[in-house]
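Asker: Generate coordinates for the sequence data below:
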Amino acid sequence: MARFLRPLLRGTTYTRLLHLWVPMLIVSVWLFINMSTPWVPALVLVPLGLVPAVRMGEGVQARLLLTPGDEEPGISVTPSANWRDRLRTVLWLQVRMLLGAAAVFATVWLMILACELAGFAWGQAPSAVPLLDQVSPDRAYALLVPLPLLALYGAVVGLGELITFCALRLLGPSAAERLAALEERTEQLLERTRIARELHDSIGHSLTVAVVQAGAARAAGDPEFTDRALGAIEETGRAALADLERVLGVLRESERPATARPTLADAGRLLDSARASGAEVDAEVTGPVAAVPGPVSREGYRILQEALTNVLRHAGAVPVRVRVSVAEDTLALEVRNALPAAIPGPGRGSGLRGIRERAALLGGSARTGPAEGDWQVHAELPLG
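Answerer: The predicted model follows:
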């Protein structure tokens, strides 16, 4: 019983009824002017539905009154983009008027019938239901009063569900809108993946450097070296906090671009942090690094960062050879170090996978693994 009466407690039931009544207000005004031509409003709706903005207005009404509170109601709120959308809007307006007329008829006449039955049971002569003229008043007719009320309840709920179903079909997103929404969703997923990779590379590198420096300072037992290590840890922590704040800012504001991302022009701080951790870094940069396109330079920075992080994490403070070469149409990055005792396989670790993914995203390639007695990360990114 409670489940049967639940629609009476939902505000959606009454907002849908209001949505059904709205077009009848216009019809009633016309009938007040000229009752002999009730078909004129339906005829006027045909050219009206061809106006692109009408679809947007109908979509807004349907969302507010038919599916209030739904995060993804499946009803478009954009103007008609083609003739198919315009024809769907015309059909929607006709359906809405037809169901609105049914709702008004059911609401008015079923309420009148319930009132007439109640009055007839108490001996009043019926005035709007001619069928009751054929029978004699009787108190037993009071038992029939709930019947039109139940029918009214069913009509209100049923017509509300029907108009919502029609809205989802006729005002739902077109194929072009669904494709645009899918592309937007794909872009959001790609952006989330990129942000996760940014956090892994940036914060992971900073924490690795800080851990290595702290361990080296404790093992050295030299106050001067400890002071330098603490200073390097502080600088690394500040850089990590700046990166974290930038990434969280992108997450908080979905339309905010990921600005101020580091590029290869900032690679010096990576090399300095690695040297501060005790690693001997032999770096060689050839070619116009500043002329590398932004996306390639930013991804190249992250590849270099992850490669150095892996060296410090798995091999410790060992000699590292870094080569950055900018040719006419290719950026080449290479990081080599002595093989650690435990060799990570080429398919293990999200960092190595991220390096290959970054390179592939730009149409390049990356190799990670043992090479000529060293551990090598070699990436080639096209500049075009």
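
Asker: May I ask which helix or strand of the chain has the lowest mean pLDDT?
Answerer: Lowest mean confidence among the helices and strands of the chain (mean pLDDT, DSSP states H and E): helix 175-220, at a mean of 70.

Asker: ok, now how distant is residue 374 from residue 335?
Answerer: Separation of residue 374 from residue 335 (CB to CB, to the nearest Å): 10 Å. In this view, the C-beta of every residue, glycine as well, is placed from N, C-alpha and C.

Asker: Let me fix that, I meant to ask about residue 173.
Answerer: Taking CB to CB, one finds residue 173 at 48 Å from residue 335.

Asker: who's more crowded, these two?
Answerer: residue 335 (27 against 18; other CB atoms under 10 Å).

Asker: which ones are touching the nearest residue to that one once chain neighbours are set aside?
Answerer: Spatial nearest neighbour of residue 335, chain neighbours left out: residue 307 (3.9 Å); criterion: CB to CB, 6 or more residues apart in numbering. Neighbouring residues of residue 307 by CB atoms under 8 Å, 6 or more residues apart in numbering: 333, 335, 355, 377.

Asker: Apply 10 Å and report the result again.
Answerer: 205, 270, 320, 322, 333-337, 351-352, 355, 366, 368, 375-379 (CB atoms under 10 Å, 6 or more residues apart in numbering).

Asker: do the same with residue 25
Answerer: Residue 25 touches 100, 104, counting by CB under 10 Å, 6+ apart.

Asker: do the same with residue 60
Answerer: By CB under 10 Å, 6+ apart, the neighbours of residue 60 are 75, 76, 77.

Asker: Tell me the pLDDT of it.
Answerer: Residue 60 is assigned a pLDDT of 91 by the prediction.

Asker: just residue 141 next, same as before
Answerer: pLDDT recorded at residue 141 is 72.

Asker: what's the spacing between the residue nearest to it when sequence neighbours are not counted and residue 87?
Answerer: Spatially, and ignoring its direct neighbours in sequence, residue 141 is nearest to residue 121 (4.2 Å; CB to CB, 6+ apart). Residue 121 sits 51 Å away from residue 87, going by CB to CB.

Asker: Could you tell me the end-to-end distance of stretch 72-92?
Answerer: Stretch 72-92 stretches 20 Å from its first residue to its last (CA to CA, to the nearest Å).

Asker: before we move on, what about stretch 336-352?
Answerer: Stretch 336-352: ends 14 Å apart by CA to CA.

Asker: Outline the domain layout of the chain.
Answerer: According to automatic domain parsing, the chain comprises the domains 2-173, 179-382.

Asker: just checking, which of those domains comes out with the lowest mean pLDDT?
Answerer: Lowest mean pLDDT within the domains of the chain: domain 179-382, at a mean of 77.

Asker: ok now that domain, how far from the chain's centre?
Answerer: Computed by CA atoms, centre = their mean, to the nearest Å, the chain-centroid distance of domain 179-382 equals 29 Å.

Asker: Okay, helices next: where are they in the chain?
Answerer: Applying DSSP state H to the chain gives helices spanning 2-5, 11-33, 40-49, 52-65, 83-121, 146-170, 175-220, 223-252, 267-276, 294-310, 350-361.

Asker: For residue 139, which of those is the nearest?
Answerer: Within the helices of the chain, the stretch nearest residue 139 is helix 83-121; the backing value is 5.3 Å (CB to CB).

Asker: which one of residue 121 and residue 87 has more residues nearby?
Answerer: In this view residue 121 and residue 87 are compared by other CB under 10 Å, and residue 121 has more residues nearby, 17 against 14.

Asker: follow-up on the earlier one: okay, the helices of the chain, which one's buried deepest?
Answerer: helix 294-310 (a mean of 23; mean count of other CB atoms under 10 Å).

Asker: Hey, what's the angle from it to helix 350-361? Just curious.
Answerer: 160 degrees (axes from the mean of the first three to the mean of the last three CA atoms, to 10 degrees).

Asker: coming back round to it: got the helices of the chain as CSV, with distance to residue 287 columns?
Answerer: Converted to CSV, the helices of the chain look like this (distance: least, CB to CB, whole Å):
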stretch, distance to residue 287
helix 2-5, 73
helix 11-33, 65
helix 40-49, 62
helix 52-65, 53
helix 83-121, 53
helix 146-170, 58
helix 175-220, 23
helix 223-252, 26
helix 267-276, 13
helix 294-310, 12
helix 350-361, 18
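
Asker: Tell me which of the ones you listed sits nearest to residue 328.
Answerer: Minimum separation from residue 328 across these (CB to CB) falls at helix 294-310, 13.6 Å.

Asker: hang on, the earlier thing: name the residues contacting each of residue 374 and residue 335.
Answerer: Counting by CB under 10 Å, 6+ apart, the common neighbours of residue 374 and residue 335 are 320, 321.

Asker: Now residue 177. Nearest residue, chain neighbours left out?
Answerer: Excluding its sequence neighbours, the residue lying closest to residue 177 (CB to CB, 6+ apart) is residue 76, at 5.8 Å.

Asker: so who does that neighbour touch?
Answerer: Listed by CB under 10 Å, 6+ apart, the contact set of residue 76 reads 55-56, 58-60, 62-63, 85, 88, 167, 170-174, 177-178, 181.
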